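Participant: Using only what follows, build the 3D model:
(one chain, ligands or ions: 1)
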Amino acid sequence: MPIYVLVDLQEVDLKIDEMLKRLLIANRAYGNRDGLDKRQKQLELVQSKVHSERASHQDSELIVDGTRTKIAEVETKLYGGTVRDHRELQDLDKELTFLKRDVEIQELEALELLDGLEKTQELLSKLTKILQKDSVNWTLTQERLAAEKERLTTALSKLRNHRDIVAGEIARPALTLYERLRPPKGGRPVSKVERGMCTTCNVSVPTLLEHKVKQGRQDLTCNNCGRILSG
Ligand SMILES: [Zn+2]
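Facilitator: Reported below is the predicted structural model:
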């Protein structure tokens, strides 16, 4: 059976911290549809743009049709031989000129609207494809995250059991000191002594202090950085 010391406990705790961090990240990402919802909303906006542009284009086609009908009517009157009055024929001719000018403008407008509609439809089909791809990726990511969460939870539970065993080997005063120093020392309250120096702050440790540490004391701290010294 191994004899565990504070350095071992620190190692286990650092692993636990790391796993908790990863679990937190996985938990935050799991079920998060923000990106997907944003794209869906974007798609819906473009969909409604397509609807309104299609309606505008249909209206413009109706206007063109109406003018063309009027042109046909005027032409029938003008060239049909039923109207013989010179003044009336002149007015009809003038009206026909105006109508032909109008229909040209209206046709151009209808073409422009069609052009815009086609562009928006293209954008819609592009966005639809992207959303489909994103949805597939999202599902895959969710599956990966679920597996990751499960793996981390199992590993954490094993590590916590191991921690209990490690902590059980360490004397109460050293353990209390360790717990107290853990938060202010960023999760690393223990520092090894090597070649007469604290390996964290690189300041030399008095010989007597080092001697006691090497003998197995676990409640002595570095004079400089305040970490518990370990042999
Ligand atoms: Zn130190």
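Participant: got the buried residues for the strand ranked longest in the chain?
Facilitator: In the chain, taking DSSP state E as the definition, the longest strand is strand 190-194. Neighbour-count burial for strand 190-194, counted by 16 or more other C-beta atoms under 10 Å, picks out 190-191, 193. For glycine as for every other residue, the C-beta is placed from the backbone atoms N, C-alpha and C.
Participant: before we move on, what about stretch 116-130?
Facilitator: For stretch 116-130, by 16+ other C-beta under 10 Å, it's 117, 120, 124, 127.
Participant: ok, now how distant is the closest residue to the last one other than its chain neighbours from L124?
Facilitator: Spatial nearest neighbour of L127, excluding adjacent residues (C-beta to C-beta, 6 or more residues apart in numbering): L43 at 4.9 Å. The span separating L43 from L124 equals 7 Å under the rule C-beta to C-beta, to the nearest Å.
Participant: ok and the helix or strand hosting K15 relative to strand 190-194, angle-wise?
Facilitator: Using DSSP states H and E, K15 sits in helix 6-29. If you take axes from the mean of the first three to the mean of the last three C-alpha atoms, to 10 degrees, helix 6-29 sits at 140 degrees to strand 190-194.
Participant: neighbouring contacts of helix 6-29?
Facilitator: By C-beta atoms under 8 Å, 6 or more residues apart in numbering, the residues outside helix 6-29 that reach it are 141, 145, 148-149, 152-153, 155-156, 159-160, 162-163, 166-167, 170, 174-175, 178, 182, 187-190, 192, 218, 228, 230.
Participant: next one: the longest helix that the chain contains to chain centre, how far?
Facilitator: If you go by DSSP state H, the chain has its longest helix at helix 86-168. Distance of helix 86-168 from its chain centroid, counting by C-alpha atoms, centre = their mean, to the nearest Å, is 17 Å.
Participant: same question, stretch 38-58
Facilitator: With C-alpha atoms, centre = their mean as the basis, the mean position of stretch 38-58 lies at 24 Å from the chain mean.
Participant: got the buried residues for it?
Facilitator: Applying 16+ other C-beta under 10 Å to stretch 38-58 flags 39, 43, 46, 49-50, 53, 56-57 as buried.
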